[in-house]
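In: The following comprises the amino acid sequence and a computationally predicted model.
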Amino acid sequence: MRCFTAIALPRAIKESLAETQAILRDSGVRASWTLPDQLHLTLRYLGEIPDEWAAGFAERMLEALADEPAFELHMRGAGCFPDEFDPTVVWAGVAGGDDRLARLNAIAEAEAQRAGCSPEPRPFYPHITLGRIHGPYGLAGFHEALAEARRLDAGAFRVSRVTLYESRLRRGGPVYAKLEEFKLRDE
């Protein structure tokens, strides 16, 4: 099964991000957009793993996260990977909680490797993927829309759990199913 760990977003945040997606979509850029119900902040993509690895990973994550405190995150700003001149991914940014997110990522990375996954070669950059750009068509209008999206302020929310998802590939794109939730400690 294909799995990843992530922070689920509250409905109000998803709705605000969907409004930003609409601004970007209306720019005429050729892209596929993440469905609002599937927006999330990935901590560690595990990839294709055997079911038994997922079960062991979940057990260790439950234990490893039990003493990690809940915290606040603010969804703010937008940008592109690798950059706005050759965009492939459009993302919404995160403000605050950098050290907490880095800690959760480090725990997920350590447990993923213990479960048999290869080390993640890329540095962790917390973001929410809004869409994936398909070629240079419509970039002039997109740059104008991106300037507006950079002013995004989707609000703040309390991160109180981490979720293990299964990603099921379907004809219309992936569908995410919650496998486990790991509660963080209330302060």
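Out: Good, I have the coordinates. Numbering: from 1, shown residues only.
In: Work out the gap between stretch 20-32 and the centre of the chain.
Out: Its chain's C-alpha centre and that of stretch 20-32 lie 19 Å apart, by C-alpha atoms, centre = their mean, to the nearest Å.
In: Using CSV, list the CA coordinates for that stretch.
Out: Output in CSV follows, covering the C-alpha atoms of stretch 20-32 (Å, rounded to 0.1, in the frame of the first residue of the first chain):
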residue,chain,number,x,y,z
THR,A,20,-6.9,30.6,-3.5
GLN,A,21,-6.9,27.7,-5.9
ALA,A,22,-9.9,29.2,-7.7
ILE,A,23,-7.9,32.5,-8.2
LEU,A,24,-5.0,30.5,-9.6
ARG,A,25,-7.2,28.2,-11.7
ASP,A,26,-8.9,31.2,-13.3
SER,A,27,-5.5,32.5,-14.5
GLY,A,28,-5.6,30.0,-17.4
VAL,A,29,-2.6,28.0,-16.3
ARG,A,30,-2.7,24.3,-17.3
ALA,A,31,-2.7,22.5,-14.0
SER,A,32,-4.2,19.7,-11.9
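In: low-confidence ranges in this protein?
Out: 187 (pLDDT under 70).
In: at 50 instead, please
Out: Low-confidence segments of the chain (pLDDT under 50): none present.
In: Could you say which helix or strand holds the spatially most central residue of it?
Out: Most central in the chain under C-alpha atoms, centre = their mean is L41, positioned 2.4 Å from the mean C-alpha point. Following DSSP states H and E, one finds L41 within strand 40-48.
In: Show residues contacting that strand.
Out: Identification of contacts with strand 40-48 by C-beta atoms under 8 Å, 6 or more residues apart in numbering yields 1-9, 54, 57, 73, 94, 101, 104-105, 108-109, 112, 115, 117, 120, 124, 126-129, 162-163, 165, 176. C-betas here are computed from N, CA, C, even on glycine.
In: Okay, strands next: where are they in this protein?
Out: For the chain, the strands defined by DSSP state E occupy 2-8, 31-33, 40-48, 71-81, 89-95, 128-133, 153-159, 161-170, 173-183.
In: between the ones you listed, which gets nearest to L146?
Out: Closest approach to L146 among those is made by strand 71-81 (6.6 Å; C-beta to C-beta).
In: The closest one - which strands sit beside it in the sheet, and in what orientation?
Out: Its sheet considered, strand 71-81 pairs with strand 89-95 (antiparallel), strand 153-159 (antiparallel) by DSSP bridges.
In: what does it rub up against?
Out: 7, 9, 13, 16-17, 20, 41, 87-97, 100-101, 127-128, 130, 133, 146, 149-159, 184.
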